[in-house]
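*Asks:* pasting the sequence and the predicted model now:
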Amino acid sequence: MSRRWIAALVVASVACLTAAPASANGWSFSVTPRGDAAKVIGTGLQIYGFTRDLKNRAKADQRGSANGAAISQRGRGNNALIVQRGKGNSGTITQNGNYNSYGLIQFGRRNSGDVVQNGNGQVGLTFQGRW
């Protein structure tokens, strides 16, 4: 994953902090676009999978310690990406159906995210951070 892409995600995350529900130690927001926006995000995740030569189009990219990730896919044409930076993060993506795409991005410590997509053509992103 390029540093520019990560930087863009961090900037977007910080910009959305005021819109996210406040919690004592962290933040989380999810995006479930429709129409053209869903196509753009889904295509972006597919391109990422192709450039990384991911035959099953699933990727867990972890930096830090004590992180855990799991991806389960049933169907065709699904794309999943879990990015974790920090310590003690856990994330799962389960996709049942065809042509679903999801990205789970976690920064900081002790984030936990579980995503389930059932059906066809669903797209989404979740960003989480905790210090």
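*Replies:* Here it is on my side, so go on.
*Asks:* what comes up buried for the lengthiest helix in the chain?
*Replies:* The longest helix of the chain (DSSP state H) is helix 35-51. By neighbour count on 16 or more other CB atoms under 10 Å, the buried set for helix 35-51 is 38, 41-42, 44-46, 48-49. Where you see a C-beta, it was placed from the backbone N, CA and C, and this is true even at glycine.
*Asks:* check stretch 68-78 too.
*Replies:* Buried residues in stretch 68-78, counted by 16+ other CB under 10 Å: 69, 71, 73, 77-78.
*Asks:* identify, from these, the entry nearest to residue 121.
*Replies:* Looking at the buried residues of stretch 68-78 and their distance to residue 121, the nearest is residue 77, at 9.3 Å (CB to CB).
*Asks:* which stretches of the protein form helices?
*Replies:* Here the chain has its helices, by DSSP H, at 3-16, 35-51.
*Asks:* give me the helices and strands touching the last one, please.
*Replies:* The reference is to helix 35-51. strand 58-65, strand 79-87, strand 101-109, strand 123-130 (3 or more CB pairs under 8 Å, 6 or more residues apart in numbering; DSSP states H and E).
*Asks:* at 10 Å instead, please
*Replies:* strand 26-31, strand 58-65, strand 79-87, strand 101-109, strand 123-130 (3 or more CB pairs under 10 Å, 6 or more residues apart in numbering; DSSP states H and E).
*Asks:* partners of the shortest one in the sheet?
*Replies:* Partners of strand 26-31 in the sheet, by DSSP bridges, are strand 123-130 (antiparallel).
*Asks:* return the helix or strand in the protein with minimum mean pLDDT.
*Replies:* helix 3-16 (a mean of 45; mean pLDDT, DSSP states H and E).
*Asks:* and the pLDDT at residue 31?
*Replies:* pLDDT for residue 31: 76.
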